[in-house]
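Student: sequence and predicted structure are below.
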Amino acid sequence: MARIGVFICHCGENISATVDVAKVAEEAAKMPGVAYAMDYKYMCSDPGQTKIIEAIKEHKLTGIVVGACSPRMHEATFRKAAEKGGINPFLCEIANLREQVSWVHPRTEATTRKAIDIVRTIVNKVSKDTPLFPIKVPVTKTALVIGGGIAGIQAALDIANAGHQVIMVEKSPSIGGHMSQLSETFPTLDCSQCILTPRMVEVAQHPNITLHTFAEVESVSGFVGNFDVKVRLKARSVDMSKCTGCGTCWQKCPSKKIPDEFNAGLSYRTAIYSPFPQAVPNKPVIDRANCNYFQKGKCGICKKVCPAGAIDYEMEDEIIDIKVGAIVTATGFDIKHTDFFPEYGYGEFKDVIDGLQFERLASASGPTSGEIRRPSDGKIPEKIVFLACSGSRDKAKGIEYCSKICCMYTAKHAMLYKHKHHEGNAYVFYMDIRSAGKNYDEFVRRAIEEDDVHYIRGRVSRIYEKDGKLIVKGVDTLMNAEPVEIEADMVVLATAVVANPDAESVAQKMHISYDKHHFFAEAHPKLRPVETNTAGIMLAGACQTAKDIPDTVSQASAAASKIMGLFSSDEMTREPVVAVVNRCMPPLFTTCTGCLLCLEVCPYHAIEREEIKDRRTGEILKVAAKVNAGLCQGCGTCVAFCRNKSIDLQGFSNQQMLSEVVALLNKPF
Amino acid sequence: MSEFEPKIVAFVCNWCTYAGADLAGTSRTQYASNVRIVRFPCTGRIDFMLLMKAFENGADGVIVSGCHPNDCHYTSGNFHARRRWIVFRSILDLIGFDTDRITFSWVSAAEGKKWANLVDEVTDKIKAKGPFTDLDKLDGVQLKELYDEAITK
C-alpha cells in the first residue's frame, strides 16, 4: 500500500492569497493512499525541503506530491529532496497550484476546489508511479566528422586536441571546402588560403585524426554513443601508400579539357588530378568519367610515367565499418549558378559570372594568377556591375531567405577590384545592405566611402549583350525609381546560397530532419542550435543555413564542445522517460504482435524489430518490437498507436494517465 | 439554483500548451476555473480513448492542445495527433456523438493569452450546451453500471 505525503506550498502569498491552502492539505490527508499532509510557507526553501526529507523518514513515505509552482520550475529541486529522503526521485510529482490555479483565478471556493482536484489527480498518479532509474549507455569516444571544409576542420581539430579520436570523411579528393577557393576574406581582407592551409595540414598530421578523402558515408545506424557507420572509400585509382605526389602523371595526362571544379569552371584540369596545389592530401585521383583509359580502354599514360608505380586501374570502392560515439555533420553548401537566371542570360554570357568565379579570378592561385580579367577575352574590365541578392529573398525564385554572406562579399569583391584597378568603376545593385557583425558595417562603408564603389539601391530587370558590352538595365529606387542603364564589361551575380544537392540523401542516411530548402534542422532554433533531433549528431557550418566563416567556426567549436561533453565520461545517463515493450513468461513472451506500426511512427527510429528465438534451436518463436532506450526521447507516439497496448511510456503510462483522468472527475468542479 | 459549471478536461503537451498555461499564470491572465489539465509529454502520446474515459467519468467538455504544426518538440507528434483526431472525429460523428464537445487547438509556449481565451471560449460553449448526459440516456442498457463496476475494480 502506498504511503504518500502531500506538501502544499504557500509560495509566500502567491498561492495562499487565492487558495485556502490549509483546506487543501486537510482534504489531501483524507485521500486514499495519503499518509501525511501539511502546508508550509516556502516549500522550496532549505527548511521547507528539510521538512519533506524528515517527513519521508518519519512517516515512511513511499511517494510524495508537492503542491507548488509549475513542475517546469521546481520539479528537479523536489525530486532531489525526495532522493535525499531516500525515495526514488520519480516517485515525486508536482501539483501545479500556482501558474495554473492561484495566479489565474480569484479567491473563491471553486479555486480551492480546483486545487484539491489537481492534488487528488497527482496523488492518484503517484500511487501508480514505479521507481525509475536513469539509463546508462556506454560511449565510444571517437567522433565522426562529415565534411572537410572549415567547419569540419575546426570541429575535428577541437575534438582531437581534447584527446579524442576523430575520423574525418570528405567526399572530394582534398579537404578545404569552399573556403580554400576564396581569394581574401571579409572584413579583414586576409588571404583565405594563408589562414586555412595550415589548418588543413594540421588535420592531416594530427595523431588523433584519421582522414578519409574521396569517401562518402554510406549508412548510419545505432544511437548516441554507439553509432555504426559504413563509409565508402571511392576508388582513387592511385595507391596512396606509393604515390609521392610528384605530379608527373597530371603533367602528362592527355585529357586536358575537363572543367576545373576548384576554379569554378574557369579553367581546365586533367583526368588524373589533384584539385589544387595546396590540396591535403596532395595526391591525385583519376576522374574515371573523363579518363580515356576507363572510357575508351586506351591510354594508360599515367601508369607508364608514374615513377612510383602507384597507378592502379583495378582499384575498387571499399566499404569500411567504423564505430563512433558522436557525429558532426559539416557538409557545407552550394550556390546557385548563373544558369538559374534567365533574365541575366541563362549563364550563356561568359562575362556574367557568380561570386565563386570572381573569387577564383581575384585569387593569386586562380586561373589568371589574381588578375581580374574577363573570362570571354581576357581583357581587364573597366566597369563591373555587382548584383547583390541574385535569387535570395526572391519568392518568385523559391528562395525566400537572405543568403547572409552576399552583402559582405559583394563589398569585398568591389573593393578587391578597385584595389587592383584604381581607374575602374564598380557598381553594386542592392536591396538592403545587411552588414551586421563585428567590423562588418565599417567594411561596407569603406567600400563606399574610401574605395568609391557606386552603390545603387534597386534591382536589375535584364542583362543583354550589345557590341561586346553587357547592358545592365536596372532601377534606382532612391532616385524616384529612375531607370538606370550601365554598359558593363563584366557582371558578378551574388547568387543565393543553397543546400548541397545531396543534402536530402545525407539527411536521410543520418535520420536528421531538414527544412524545405534542404538545410538541416537544429533541435531548437535558439537554445539548441548545434544539435539535431537525433541525439549525438551535431551540425556545423552552412549545411544548417547560410553562414559566414566566423559563424561557421563558432558553431563548429560549439559542436565539438558538445561532443567533448558527451565524451567526458565512459557512460552517459539518460532520463528514464522512455517507451518499453512489455515482456512476460513464455510461450507468450510479450503481448506485442509484431505489427510494427510503432516502428513506422517513431520520429527517432528508436524501435527495432526483435526476433525472439528458441535458445537451443534458434527457431524464431515470435517477432516483436523492441525499444532502443539510447534513441528513445519519450514522446509516446508509439504508445498511442499501439493496437493492443503492448508498449507503454515510463512516467506517463496508460495506467497513470487513466488514473489522472478518473481522479479529476469524481468530484463536482 | 447555482449556474451550471461544466467540467472540462484539457489534454495538453508538456512543451507548448502546458508551458503556455504556465505563461498565462506568470502573466496573471484570469480565466474560467472549469478546466483541469492532464499533462502528457506530447499530443502524439494521447490515446483518444482517454477522451472517452473523461466523458464516461463525467466530463462535459474536452480540450486537446499541443504545439503548432512544425513546432513539435518531438518533430511530428502533433501531426499524428491531428490525423488521429480527424479519423476519431468521423467515428464519433458516425455514432452520433456531439463532437463540438471536443476542442482541438494549438497553443504555443508563448500564447498564455490564447490559452486563457481558449478556456473561456470552451467554457462558454459547453455552458450553453449544458451537461453531458448522452451516457445517462443509455437507459435499460446497464452500460454505465457495467462500466462503473469495471473501473472501480
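Tutor: All right, it came through fine.
Student: which residues in chain B form helices?
Tutor: Ranges of helices in chain B, per DSSP state H, are B:17-26, B:49-56, B:77-94, B:112-129, B:143-152.
Student: among those, which comes closest to chain A?
Tutor: Nearest to chain A among those is helix B:17-26; the distance by CB to the nearest CB comes to 3.0 Å. Using the backbone N, CA and C atoms, a C-beta is placed for each residue, glycine as well.
Student: the strands in the stretch 401-550 of chain A, which residues?
Tutor: Taking DSSP state E, counting those that start in this stretch as the criterion, the stretch 401-550 of chain A carries its strands at A:425-430, A:454-457, A:460-466, A:469-476, A:482-488, A:490-495, A:497-499, A:537-539.
Student: any chance of a markdown table for these, columns mean neighbour count, mean pLDDT and distance to residue B:77?
Tutor: Shown next, in a markdown table, are these (neighbours: other CB atoms under 10 Å in any protein chain shown; pLDDT from 0 to 100; distance: least, CB to CB, whole Å):
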| stretch | mean neighbour count | mean pLDDT | distance to residue B:77 |
| --- | --- | --- | --- |
| strand A:425-430 | 23 | 97 | 43 |
| strand A:454-457 | 18 | 96 | 46 |
| strand A:460-466 | 15 | 94 | 46 |
| strand A:469-476 | 18 | 95 | 48 |
| strand A:482-488 | 15 | 95 | 53 |
| strand A:490-495 | 28 | 96 | 38 |
| strand A:497-499 | 25 | 96 | 26 |
| strand A:537-539 | 28 | 96 | 20 |
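Student: export these to TSV and append columns for distance to residue A:407.
Tutor: Formatted as TSV, the strands of the stretch 401-550 of chain A follow (distance: least, CB to CB, whole Å):
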stretch	distance to residue A:407
strand A:425-430	7
strand A:454-457	11
strand A:460-466	16
strand A:469-476	17
strand A:482-488	19
strand A:490-495	8
strand A:497-499	12
strand A:537-539	24
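Student: contacting residues around residue A:290?
Tutor: By CB atoms under 8 Å, 6 or more residues apart in numbering or on different chains, the contact set of residue A:290 is A:255, A:258, A:271.
Student: ok, it to residue B:100 distance?
Tutor: Distance of residue A:290 to residue B:100, given as CB to CB, to the nearest Å: 68 Å.
Student: equivalent analysis for residue A:84, please.
Tutor: Taking CB to CB, one finds residue A:84 at 49 Å from residue B:100.
Student: what about these two, which has more around it?
Tutor: In this comparison of residue A:84 against residue B:100, neighbours counted by other CB atoms under 10 Å in any protein chain shown, the higher total goes to residue A:84 at 14 against 11.
Student: what are the phi and psi values at residue A:17?
Tutor: phi -70, psi -30 (degrees, to the nearest 10).
Student: taking the stretch 351-500 of chain A, what residue is nearest to chain B?
Tutor: Minimum separation of the stretch 351-500 of chain A from chain B (CB to the nearest CB) falls at residue A:400, amounting to 15.3 Å.
Student: what sits closest to that residue if chain neighbours are left out?
Tutor: Spatial nearest neighbour of residue A:400, chain neighbours left out: residue A:393 (6.8 Å); criterion: CB to CB, 6 or more residues apart in numbering or on different chains.
Student: quick one: pLDDT of that neighbour?
Tutor: Reading off the confidence values, residue A:393 has pLDDT 95.
Student: quick check: it touching residue A:404?
Tutor: No. Shown here, residue A:393 and residue A:404 do not form a contact pair, counting by CB atoms under 8 Å, at 10.6 Å.
Student: what's the pLDDT at residue B:127?
Tutor: Turning to residue B:127, the model gives it a pLDDT of 94.
Student: contacts only, for it.
Tutor: B:3, B:4, B:6.
Student: what's the spacing between it and residue A:545?
Tutor: Taken as CB to CB, the span from residue B:127 to residue A:545 is 48 Å.
Student: now stretch B:88-108, how far from the centre of its chain.
Tutor: Its chain's C-alpha centre and that of stretch B:88-108 lie 9 Å apart, by CA atoms, centre = their mean, to the nearest Å.
Student: and that stretch, end to end?
Tutor: 23 Å (CA to CA, to the nearest Å).
Student: what residues sit buried inside it?
Tutor: B:88, B:92, B:97, B:101, B:102, B:103, B:104, B:105, B:106, B:107, B:108 (16 or more other CB atoms under 10 Å in any protein chain shown).
Student: can you name the two of the residues you listed that are farthest apart?
Tutor: Maximum pairwise distance in those, criterion CB to CB, is 28.9 Å, between B:97 and B:108.
Student: without its sequence neighbours, what residue ends up closest to residue B:75?
Tutor: Using CB to CB, 6+ apart, the closest residue to residue B:75 is residue A:603 (4.3 Å).
Student: do residue A:360 as well
Tutor: Nearest to residue A:360 is residue A:366, by CB to CB, 6+ apart, at 4.1 Å.
Student: just residue A:97 next, same as before
Tutor: Nearest to residue A:97 is residue A:67, by CB to CB, 6+ apart, at 4.5 Å.
Student: in terms of pLDDT, where does that neighbour sit?
Tutor: 95.
Student: just say helix, strand or coil for residue A:168.
Tutor: strand (DSSP: H, G, I helix; E, B strand; the rest coil).
Student: my guess is it contacts residue A:209, does it?
Tutor: Yes. With contact defined as CB under 8 Å, residue A:168 reaches residue A:209; the gap is 6.1 Å.
Student: same drill for the two, tell me which one is more crowded.
Tutor: Neighbours were counted for residue A:168 and for residue A:209 using other CB under 10 Å; residue A:168 has more, 28 against 21.
Student: who are the contact partners of the more buried one?
Tutor: A:144, A:145, A:148, A:152, A:156, A:175, A:203, A:209, A:210, A:211, A:212.
Student: and the last one, what's its pLDDT?
Tutor: pLDDT recorded at residue A:212 is 97.
Student: show me what residue A:144 bridges to in the sheet.
Tutor: residue A:167, residue A:327 (DSSP bridges).
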